[in-house]
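Participant: how would this look folded up:
(chains A, B and C)
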Amino acid sequence: MLGMSTVRSPGSILEDVRRKRPLVHQITNFVVMNLTANAVIAAGGLPVMAIAPEEAQVIARAADALVLNMGTPQRYTQDAMVLAGEAANQKGIPVVFDPVGAGLSPFRDNLFTLVSGAVRLTVIRGNLAEVSCLAGLRTRMRGVTAIGDAGSGAGIARVAAAQLAATVAVTGKVDHASDGVRLASCENGHEMMALVSGSGCVVSALVGLFCAVEPDSLVAAASALAYAGVAGERAARVAAGPASFQVNWLDELWRMKPSELDKFARIRWETE
Amino acid sequence: MLGMSTVRSPGSILEDVRRKRPLVHQITNFVVMNLTANAVIAAGGLPVMAIAPEEAQVIARAADALVLNMGTPQRYTQDAMVLAGEAANQKGIPVVFDPVGAGLSPFRDNLFTLVSGAVRLTVIRGNLAEVSCLAGLRTRMRGVTAIGDAGSGAGIARVAAAQLAATVAVTGKVDHASDGVRLASCENGHEMMALVSGSGCVVSALVGLFCAVEPDSLVAAASALAYAGVAGERAARVAAGPASFQVNWLDELWRMKPSELDKFARIRWETE
Amino acid sequence: MLGMSTVRSPGSILEDVRRKRPLVHQITNFVVMNLTANAVIAAGGLPVMAIAPEEAQVIARAADALVLNMGTPQRYTQDAMVLAGEAANQKGIPVVFDPVGAGLSPFRDNLFTLVSGAVRLTVIRGNLAEVSCLAGLRTRMRGVTAIGDAGSGAGIARVAAAQLAATVAVTGKVDHASDGVRLASCENGHEMMALVSGSGCVVSALVGLFCAVEPDSLVAAASALAYAGVAGERAARVAAGPASFQVNWLDELWRMKPSELDKFARIRWETE
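Facilitator: Numbers count the residues shown, from 1 in each chain, chains lettered A, B, ... in the order given. You can find the predicted model right below:
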């Protein structure tokens, strides 16, 4: 870790996660529910996957972090997101938003407008195309997958953070996170991650988990990006393809020692 | 197996499952659907995962067992549970209920009140916190996970069974099942099971499967607990973490011979 | 490949898939969403799993193929299927329909009637029982699983294709696909595939993916059947059970070289 020796190390945050076992309320898409629940458990947290508006508030109030994901948007999960988000804001727990497929449909874009209008978001984590779309910038995408890195992830993270008044993480070959002023880049990860449906959603869930124990959301986000990335690098060593990679990845999240994370994390800090 | 030499052995029930291939209708939560469907197939049964009220009755009438799980409760799945449950009662097939997250929200508690008021439940399978909550007893939990075994699983199983007029299985380090009079304890299992999202839901599905061929629901439940537990012990031998454990666990459910189950099952019976 | 040396080889279609990376819009059941998304990625395509009526049209218009699956039917996914299907027809992209559990309930049968009345289906892929049911023929089934091959898959594929005015693929020990005139049989596959919940749904998703780059839907369907089958044969070599088989199967979809597919595909063509 370069340039910010005063911030907490990723390993010390991971250690804290395992000691405190934060409860992460996830209102996420139906494709990845199982995967992101297991990722949070593997990392040391406790997931609760309540999606109904009828219980969104009370469960958010019991949680240590809230993760919202618009992957399979629906009216009722949109309602649940607003209710849970308002409760999270009142309680003062972090809210992470994953704009899966932003720009794919007016329905998704309206969902983001609605949720971000009602709820103060702590971190937004998406790929270049999704974040660009939220920030009104242009990029190319096919479905929920960004095709090519047309712009600069670092620049877009910084601009989007300022514009959206949240910490923004743009993941890709290199991940970039910014709070509008500071910028962290993370070079961990493996290209196999892009072959796992919901790998980005996993990262968002881990960001929520880390934010539950680290009040500096940019430090928490950068640390979670490194954690997911280091585990991905290790998982790729023995993977025979994307499915065994996914199994290994979750296993490596669980096996990772805080000292290993600190040793292999490649986070670089820049400040204006 | 001690103390009840007259009851059928777990292995003979498993043998029966594989011969008859019972159809298990599951109205379960969205996090575990894939996992519990695959677990029923691995064990030798056939799953049907119909969640719509529009077809709940007709599908329950075609099934050999019904498994209800309130993990991601919604109005329409609640309706489907009542309709399917009533049809199951009319047909005389067993109904297993898994109270995931009981106590987390009034919405879940009302769902249980509604379903258990309309449907005669054969077996209720939950962790200590969930079952305690249903029976009006107090315990500590975080999200859907019980933290610590504050009370006695055996005592709570027996009290809850009497109070709820169903066979009750309380799973944890040691599993306990009771019909209010008899009590079976099962010492099989592995701590890795707690790291798999939905491992309890899998056990509930297997209880339903076993109940489809064994009319004594306490014997069926205790046998299914032992089956899941023995497979878990074997799966842990070569697991590198929770995700490879899950893969192994399903594989071991499929590989298990009835004679192996009888050899390694550690069920202890007590009667008042 | 025998009898139709003029059609494109499965390997050349696979090569095309990997070059063009088609976007496959799937409105599928909640049990298999994660699996079929990952299968499309492993094969070289891009999945988008949008199920809401509010965005069904716009997403289908952005896609290269549409796959509809009635595994967990609901009113709103039924609406989404019609809207997406109409948009797909207007755009001229292929529409694959998977009639999971046809005959299980009037709700499912009505869904098929409704969707097939509003949408021109390119390929229908089901097991013998499901396809027989759609075509008004009789067979035995238990839940979503066909028990025994009472009729002839080849004959039923041909009759159903003529009757339903679509290419029909009937999968089983031997797969059969017909457009009502031509008939292709595929002998690839492994019995382990029947132990994976949603393996048929995976095949349907791959048929959609192949149809996106091959206008002859019968050639595309037969090639996808062979592709899934060859991968299954390879996956079974080192599987310890159905769960490790599933992991291997996805890995093998990803590892397969077009030349390997051409070498091991066992497609036989017959013409009237």
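
Participant: Farthest from the middle of chain A: give me that residue.
Facilitator: Distance from the C-alpha centroid of chain A, by CA atoms, centre = their mean, peaks at A:Ala240 (26.3 Å).

Participant: any idea of the mean pLDDT in stretch A:188-202?
Facilitator: The average of the pLDDT scores along stretch A:188-202 is 98.

Participant: cool, and stretch A:56-72?
Facilitator: When pLDDT is averaged along stretch A:56-72, the result is 98.

Participant: circling back: just the pLDDT at the residue farthest from the centre of chain A, thanks.
Facilitator: The model reports A:Ala240 with a pLDDT of 97.

Participant: And for A:Glu270?
Facilitator: At A:Glu270, pLDDT is 88.

Participant: Give me the nearest residue to it, chain neighbours excluded.
Facilitator: The spatially closest residue to A:Glu270, leaving aside those adjacent along the chain, is A:Leu183, at 4.6 Å (CB to CB, 6 or more residues apart in numbering or on different chains). Yep, even glycine has a C-beta here, placed from its N, CA and C like the rest.

Participant: Quick check: the one you found vs chain C, distance?
Facilitator: 30 Å (CB to the nearest CB, to the nearest Å).

Participant: For that residue, which residues count as its bridge partners?
Facilitator: Beta-bridge partners for A:Leu183, by DSSP bridges, are A:Ser178, A:Glu270.

Participant: you'd agree it is up against A:Ala157?
Facilitator: Yes - with contacts counted by CB atoms under 8 Å, A:Leu183 reaches A:Ala157, the gap being 6.8 Å.

Participant: show me the contacts for the residue in the stretch 151-272 of chain A that chain C sits nearest to.
Facilitator: With distances taken as CB to the nearest CB, the stretch 151-272 of chain A approaches chain C most closely at A:Gly241, which sits 2.7 Å away. For A:Gly241, the contact set (CB atoms under 8 Å, 6 or more residues apart in numbering or on different chains) comprises C:42, C:250-255.

Participant: For the residues you listed, give me JSON lines that also has distance to chain B, pLDDT and secondary structure.
Facilitator: Below are these laid out as JSON lines (distance: CB to the nearest CB, whole Å; pLDDT from 0 to 100; DSSP: H, G, I helix; E, B strand; the rest coil):
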{"residue": "C:Ala42", "distance to chain B": "16", "pLDDT": "98", "secondary structure": "helix"}
{"residue": "C:Leu250", "distance to chain B": "12", "pLDDT": "98", "secondary structure": "helix"}
{"residue": "C:Asp251", "distance to chain B": "12", "pLDDT": "98", "secondary structure": "helix"}
{"residue": "C:Glu252", "distance to chain B": "16", "pLDDT": "98", "secondary structure": "helix"}
{"residue": "C:Leu253", "distance to chain B": "17", "pLDDT": "98", "secondary structure": "helix"}
{"residue": "C:Trp254", "distance to chain B": "17", "pLDDT": "98", "secondary structure": "helix"}
{"residue": "C:Arg255", "distance to chain B": "18", "pLDDT": "98", "secondary structure": "helix"}
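
Participant: of those residues, closest to chain A?
Facilitator: Nearest member of the contacts of A:Gly241 to chain A, counting by CB to the nearest CB, is C:Asp251, at 2.7 Å.

Participant: circling back to that earlier point, not counting sequence-adjacent ones, nearest residue to the residue farthest from the centre of chain A?
Facilitator: Once flanking residues are discounted, A:Ala240 sits nearest to C:Asp251: 4.7 Å by CB to CB, 6+ apart.

Participant: List the contacts of the one you found.
Facilitator: C:Asp251 is in contact with A:239-244, C:42, C:235, counting by CB under 8 Å, 6+ apart.

Participant: So which residue is dead centre in chain A?
Facilitator: The geometric centre of chain A, computed from its C-alpha atoms, lies nearest to A:Ser204 (CA atoms, centre = their mean), at 1.8 Å.

Participant: Is chain C within reach of whichever strand or helix holds that one?
Facilitator: Per DSSP states H and E: A:Ser204 is located in helix A:199-211. No - Helix A:199-211 does not reach chain C (CB under 8 Å from any CB of the partner chain); its nearest approach is 10.1 Å.

Participant: Run the chain-centre distance for that helix.
Facilitator: Helix A:199-211 has its C-alpha centroid displaced from the chain centroid by 4 Å (CA atoms, centre = their mean, to the nearest Å).

Participant: CA-only coordinates of that helix in CSV, if you can.
Facilitator: Provided in CSV are the C-alpha atoms of helix A:199-211 (Å, rounded to 0.1, in the frame of the first residue of the first chain):
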residue,chain,number,x,y,z
SER,A,199,-18.6,-11.4,-9.5
GLY,A,200,-19.2,-7.7,-9.4
CYS,A,201,-22.2,-8.2,-7.1
VAL,A,202,-19.9,-10.2,-4.8
VAL,A,203,-17.4,-7.3,-4.6
SER,A,204,-20.3,-4.9,-3.8
ALA,A,205,-21.4,-7.2,-1.0
LEU,A,206,-17.9,-7.3,0.4
VAL,A,207,-17.7,-3.5,0.2
GLY,A,208,-20.8,-3.4,2.4
LEU,A,209,-19.3,-5.9,4.8
PHE,A,210,-16.1,-3.9,5.1
CYS,A,211,-18.0,-0.6,5.5
